[in-house]
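# predicted coordinates and the sequence they were generated for:
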Amino acid sequence: MENLGIDPKLITAQIVSFVIFYLVFSKFVSHPLIKFLKKQKEQDKLRDELALELEKRKETLDKKGREMDQKRKKEYEKALTLGKEQAKKHKVELIAEAKKESEAIIIQAREQMEDEKSKMYKKIREKIADVSTLIVKAGLKDYLKPEMQKEATKHILKQIPKVEI
Amino acid sequence: MKIDPTIKEELRKYLIDRMSGKKKAKVVISAPYELEKSDIENLKKKISILTEAEIEITVDKHILAGVVITFGSKVIDLTINTELQKLAHTIYETA
């Protein structure tokens, strides 16, 4: 071996040194590293599971949101239809009421007009009567001479019936 | 309400005179001209109160024809003016 250039002591020392290195390496480096990697792997798995769960929840929420949107849309349409129907009904009622009121106003106005007309006729009649009597009075005043006045008075006195007072 | 003693006394005297017949009732006859005696006599024949009353004749130029006899609160209107008023009233009512 010496002829081959191999030193047995050195080889022994190297083997011992390697064994010691292996033992130290496996005890203090390899094992914790594997443990760390395992843990990391588990955490990754857990993270994936959580992400999946989150995805599922998100999908559920989206579905619910869509359902809610549809429901809201339906409710909105329903309310809109109802509102339109009510507005139509209200419009019809308002038109009927307005028609009724306008008819009442027309009747009242007609009555008022008739009343005004009859009042006016009455006033005209009164005026005619007043003017007529005034004309007659004025005419008589001009026409009746003292003699005629006497004659008329005498005639009136003759016509008086006998009165007991 | 208190009545003035002088008015009260006057009223008492007037009523006593009226009751005893001393004081005659006053009648005012208004006409468009001074009435003649014959007219007054004619009136006295028709209206009995005139025979016992004190008659006062007045001239009212507003009267067209006829007479107005006033005694106390009573008025007998026999004028054409009143007839015209009645005519106006009839026109109001019937026209």
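That came in fine, so what should we check first? Not measured: the values here are computed from a predicted model.
# okay, CA-based contacts and neighbour counts for the rest of this
Fine.
# just the helices in the chain please.
As the question left the chain open, I've gone with chain A. A:8-25, A:31-143, A:146-159 (DSSP state H).
# nope, chain B please
Using DSSP H, helices in chain B cover B:5-20, B:37-46, B:49-52, B:80-94.
# tabulate these (JSON lines), appending mean pLDDT, mean neighbour count and distance to residue A:10.
Shown next, in JSON lines, are the helices of chain B (pLDDT from 0 to 100; neighbours: other Cα atoms under 10 Å in any protein chain shown; distance: least, Cα to Cα, whole Å):
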{"stretch": "helix B:5-20", "mean pLDDT": "82", "mean neighbour count": "12", "distance to residue A:10": "178"}
{"stretch": "helix B:37-46", "mean pLDDT": "86", "mean neighbour count": "15", "distance to residue A:10": "193"}
{"stretch": "helix B:49-52", "mean pLDDT": "81", "mean neighbour count": "16", "distance to residue A:10": "191"}
{"stretch": "helix B:80-94", "mean pLDDT": "85", "mean neighbour count": "15", "distance to residue A:10": "164"}
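# please identify which of these is closest to residue A:117.
helix B:80-94 (15.8 Å; Cα to Cα).
# in contact with residue 29: list those residues for me.
Unless you meant another one, I'm taking chain A. By Cα atoms under 8 Å, 6 or more residues apart in numbering or on different chains, the contact set of residue A:29 is empty.
# not quite, go with chain B.
B:55-58, B:67-70.
# can you give me phi and psi for residue B:62?
phi -70, psi -20 (degrees, to the nearest 10).
# show me what residue B:75 is bridged to.
Note on residue B:75: beta-bridge partners by DSSP bridges are residue B:70.
# how far away is it from chain A?
From residue B:75 across to chain A, the span is 12 Å (Cα to the nearest Cα, to the nearest Å).
# is it true that that residue touches residue B:28?
No: between residue B:75 and residue B:28 there is no contact under Cα atoms under 8 Å: 9.5 Å.
# higher neighbour count, those two?
Neighbours per residue (other Cα atoms under 10 Å in any protein chain shown) separate residue B:75 from residue B:28, with residue B:28 holding more: 18 against 13.
# look at the more buried one and report its pLDDT.
Note on residue B:28: pLDDT of 92.
# how close does it sit to residue B:72?
Computed as Cα to Cα, to the nearest Å, the residue B:28 to residue B:72 distance reads 9 Å.
# returning to that earlier point: tell me which of the helices of chain B lies nearest to residue A:123.
Residue A:123 lies closest to helix B:80-94 among those, at 9.0 Å (Cα to Cα).
# how far does that closest one sit from its chain's centre?
Relative to its chain's centre, helix B:80-94 lies at 22 Å (Cα atoms, centre = their mean, to the nearest Å).
# now swap in stretch A:65-72 and tell me
Its chain's C-alpha centre and that of stretch A:65-72 lie 22 Å apart, by Cα atoms, centre = their mean.
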